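Visitor: One predicted model, sequence on top.
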Amino acid sequence: MIFLDADIISYFLNANIKVKEKILEIIDRNEYICTTVINIYEILKGFRWKDNQKKENQFEEFLENILIFTIDNDVINIASDLYANLRKLGKSIGDADIIIAAIVMKNNGILISNNIKHYEKIE
């Protein structure tokens, strides 16, 4: 399963050619395109702040064609371990990114993100 981070979804919605081609390539390989409820929140809050109903409608249409993963007890446990391990190493990343990583890890997925420094601290 291929999980798209909010930045990649935004590039897709803004018609970034490279991102669109890569997503079509993933679909051609019959792999699942996924995202998380956290990513949906990150995108929707921006559209609503900017009162961009057109983009919000486009986003809702996009969501109809992908799998959406939520937070459950397993994700919370994985995220808590990630947070604790990072803190013990003197590292930290935002809670949203920890939860996104935990969802991807729980589902043995691959996260595609342009925010490498958000996730590079996680093994």
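Guide: All right, it came through fine.
Visitor: Tell me, how many residues neighbour residue 50?
Guide: 10 (other Cβ atoms under 10 Å). To be clear about C-beta, it is placed using only N, CA and C from the backbone, and glycine gets the same treatment.
Visitor: actually residue 57, not the one I typed
Guide: For residue 57, using other Cβ under 10 Å, the count is 11.
Visitor: What of the one 5 residues further on?
Guide: By other Cβ under 10 Å, 16 other residues sit near residue 62.
Visitor: Show me which helix runs longest in the protein.
Guide: helix 73-88 (DSSP state H).
Visitor: what about that helix, average pLDDT?
Guide: Mean per-residue pLDDT for helix 73-88: 97.
Visitor: Could I get the buried residue list for it?
Guide: 75, 78-79, 82-83, 86 (16 or more other Cβ atoms under 10 Å).
Visitor: Need the max-distance pair from the residues you listed.
Guide: Maximum pairwise distance among the buried residues of helix 73-88 (Cβ to Cβ): 16.2 Å, between 75 and 86.
Visitor: Report pLDDT for residue 102.
Guide: For residue 102, pLDDT reads 98.
Visitor: Spell out the residue ranges of the strands in this structure.
Guide: With DSSP state E as the criterion, the chain has strands at 2-4, 33-36, 67-69, 110-112.
Visitor: can you put these in CSV and add mean pLDDT?
Guide: Shown next, in CSV, are the strands of the chain (pLDDT from 0 to 100):
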stretch, mean pLDDT
strand 2-4, 97
strand 33-36, 97
strand 67-69, 98
strand 110-112, 96
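Visitor: Mind putting those strands into CSV with distance to residue 94?
Guide: Conversion of the strands of the chain to CSV gives the following (distance: least, Cβ to Cβ, whole Å):
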stretch, distance to residue 94
strand 2-4, 17
strand 33-36, 14
strand 67-69, 18
strand 110-112, 14
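Visitor: Turn those strands into a markdown table, including mean neighbour count and distance to residue 19.
Guide: Listed next are those as a markdown table, based on neighbours: other Cβ atoms under 10 Å; distance: least, Cβ to Cβ, whole Å:
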| stretch | mean neighbour count | distance to residue 19 |
| --- | --- | --- |
| strand 2-4 | 23 | 9 |
| strand 33-36 | 23 | 12 |
| strand 67-69 | 16 | 18 |
| strand 110-112 | 18 | 9 |
